[in-house]
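S.K.: Kindly return the folded structure for what I paste below:
(one chain, ligands or ions: 1)
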Amino acid sequence: MALVSTDVIRRTKGHRTAVIMTPDAPIIDIHTHYPFGKAEPDPDQLARILARAGRFGVGRLCILGDVIRFGYAPTADEVRRINDLTDAMVRLHPESLIGFCFLNPLQSKGNCLREMDRCVTKLGFRGIKLWVALNCRSHRLDPIMARAAELGVPVLHHAWYSALGHEADESTPADIADLATRFPQTKIIMAHLAGCGIRGLCDIAPFPNVSVDTAGAGPVAGLTEEAVARLGAHRVVFGTDIPMRDFSSVLGRIYGARITAADRRRILTLNARALLGIR
Ligand SMILES: [Zn+2]
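M.R.: You can find the predicted model right below:
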């Protein structure tokens, strides 16, 4: 089935000038953050974000939490407050928003597992988010990864190759590969295709349990095609990282890529459904 139900190609003197595409199924954005610095949901602002998403055909947004609110290594109480805010937003728009449980693996194993169980089994969150508190080669992540496999939820982990250097415990795609080696049964989403590049794709290619999201830096021509060629379209999943990026710039990476309509549909909708276990 084709992804697009309507492809309108406007031509001026024989040259293609614009392509307007309407997806025939709601797009799922697997990587978003609530506008930073809020202690409570702002219903008006949230409604504006969802209206803007809707104009681009994005019908469901995974909320990974305001990860920068308390710095790189939040306390157990601060982690809980981040996840409580996610829960409050999901309750406002349960048809559109999907919660991810943000964790700091520097917290005790007991704290992390209790928070996972609270978020996933009690609140209905569908994924785990890990950022830069601890490099993912650390075995302190192991209980989290094992429990995620038991719960059947994916772990979306920050990764980046930066020419400007990394934060002390920031993970690279090579670190994600190490994590995947240790936990082949856990679904892992490596964040930021555009921050990891072809080198990052090479790192994770041998590990079928690792997908990559399409977020990250500015668009790079050919990178989506490289991801599809090296991983298969079933391992590439649409994510924007809003509000750092916009829907338009990341959708352009998918609609502008020379890939099949079936592969576009996988990236924009079907892969996220499979990862999140939703219809
Ligand atoms: Zn992010």
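S.K.: Where does the residue nearest to the spatial centre of the chain sit: helix, strand or coil?
M.R.: With distances taken as C-alpha atoms, centre = their mean, the residue of the chain nearest its centroid is His31 (3.0 Å). Here His31 is strand, with the state taken from DSSP: H, G, I helix; E, B strand; the rest coil.
S.K.: measure it to Thr240 for me?
M.R.: 6 Å (C-beta to C-beta, to the nearest Å). Yep, even glycine has a C-beta here, placed from its N, CA and C like the rest.
S.K.: Could you name every residue contacting both of these two?
M.R.: Shared contacts of His31 and Thr240, defined by C-beta atoms under 8 Å, 6 or more residues apart in numbering, are found at Ala215.
S.K.: Stretch 201-216 spans what distance, first to last residue?
M.R.: 14 Å (C-alpha to C-alpha, to the nearest Å).
S.K.: Now find how far off-centre that stretch is within its chain.
M.R.: 12 Å (C-alpha atoms, centre = their mean, to the nearest Å).
S.K.: hmm, back to that, got the contact list for the residue nearest to the centre of the chain?
M.R.: Cys62, Leu64, Leu156, Ala191, Asp213, Ala215, Gly239, Thr240, Asp241.
S.K.: May I see the ChimeraX selection of the buried members of those residues?
M.R.: Per 16 or more other C-beta atoms under 10 Å, the buried members of those correspond to this ChimeraX selection:
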select :62,64,156,191,213,215,239,240,241
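S.K.: Looking at the contacts of His31, which two lie furthest apart in space?
M.R.: Leu156 and Thr240 (13.0 Å; C-beta to C-beta).
S.K.: how much space between Thr181 and Cys136?
M.R.: 11 Å.
S.K.: should've said Ala51
M.R.: For Ala51, the distance to Cys136 - C-beta to C-beta - is 36 Å.
S.K.: Could you do Ser248 as well?
M.R.: Counting by C-beta to C-beta, the gap from Ser248 to Cys136 is 31 Å.
S.K.: Ok, Ala177 next?
M.R.: 10 Å.
S.K.: who has more neighbours, those two?
M.R.: Cys136 (29 against 22; other C-beta atoms under 10 Å).
S.K.: Quick one: residues contacting that one.
M.R.: Leu130, His157, Ser171, Asp175, Ile176, Asp178, Leu179.
S.K.: Ok, Thr32 next?
M.R.: Counted by C-beta under 8 Å, 6+ apart, Thr32 has contacts Leu61, Cys62, Ile63, Leu64, Gly239, Thr240, Asp241, Ile242.
S.K.: run the last query once more with 6 Å
M.R.: If a contact means C-beta atoms under 6 Å, 6 or more residues apart in numbering, then Thr32 has Leu61, Ile63, Ile242 as its contacts.
S.K.: count of neighbours near Glu226?
M.R.: Using other C-beta under 10 Å: Glu226 sits among 17 other residues.
S.K.: pLDDT score assigned to Arg60?
M.R.: The per-residue pLDDT reported for Arg60 equals 97.
S.K.: burial measure for the closest residue to His157 other than its chain neighbours, as a count.
M.R.: Nearest non-adjacent residue to His157, counting by C-beta to C-beta, 6 or more residues apart in numbering: Leu130, 4.8 Å away. Per other C-beta under 10 Å, the neighbour tally for Leu130 reads 27.
S.K.: what's the answer for Thr86, then?
M.R.: What Thr86 shows, counting by other C-beta under 10 Å, is a neighbour count of 28.
S.K.: What of the one 10 residues further on?
M.R.: Residues lying near Ser96 (other C-beta under 10 Å) number 19.
S.K.: So the nearest residue to Arg140 once chain neighbours are set aside, which state does it fall into?
M.R.: Distances taken as C-beta to C-beta, 6+ apart put Pro105 closest to Arg140, at 5.0 Å, once the chain neighbours are dropped. At Pro105, secondary structure determined by three-state DSSP is coil.
S.K.: One more: the one 10 residues further on?
M.R.: Under the three-state scheme (three-state DSSP), Glu115 adopts helix.
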